[in-house]
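Visitor: Could you look at this predicted model? Sequence included:
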Amino acid sequence: MGELGWEKRQFGHRARLALSPAETLLIDAQAHAARTVWNCLHAWWQMMPKDKRTLSNADAAIRQARKEIDFLAVLPA
């Protein structure tokens with residue numbers, strides 16, 4: 001135990017990413033697209049009648065959104 005009864009905790013290995021400016025832009029775009037997909041999917045799920053809330057219907061909605069909304073294409077499939 002350390003001073004004042006506190007224990008020092010080890011959190012494992014931490015590594016920093018050394019991204020190029022292009023990689024930073026790509027990851028930023030992916031983060032924004034992922035947040036948009038989450039928000040749209042959440043709204044879709046809330047509006048959809050319970051009997052139509054299936055994973056296959058959600059998958060179809062996501063695939064359709066990726067076709068119709070250009071900036072969602074940055075997300076990896």
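Guide: Yes, it's here. Predicted model, so just to flag it, every value in this text is computed and none were measured.
Visitor: Point out the other helices and strands that whichever helix in the chain runs longest packs with.
Guide: Taking DSSP state H as the criterion, the chain has its longest helix at helix 21-47. In terms of contacts (3 or more CB pairs under 8 Å, 6 or more residues apart in numbering; DSSP states H and E), helix 21-47 is packed against helix 55-68. C-beta here means a position set from N, CA and C on the backbone, and glycine is covered the same way.
Visitor: and the helix it packs on, what does it pack onto?
Guide: Looks like helix 55-68 contacts helix 21-47 (3+ CB pairs under 8 Å, 6+ apart).
Visitor: and the angle from the helix it packs on to helix 55-68?
Guide: Angle of helix 21-47 versus helix 55-68, following axes from the mean of the first three to the mean of the last three CA atoms, to 10 degrees, is 130 degrees.
Visitor: So for helix 21-47, mean pLDDT?
Guide: In this model, helix 21-47 has a mean pLDDT of 93.
Visitor: Mind listing what's buried along it?
Guide: 33, 37 (16 or more other CB atoms under 10 Å).
Visitor: what's the spacing between it and its chain's center?
Guide: 6 Å (CA atoms, centre = their mean, to the nearest Å).
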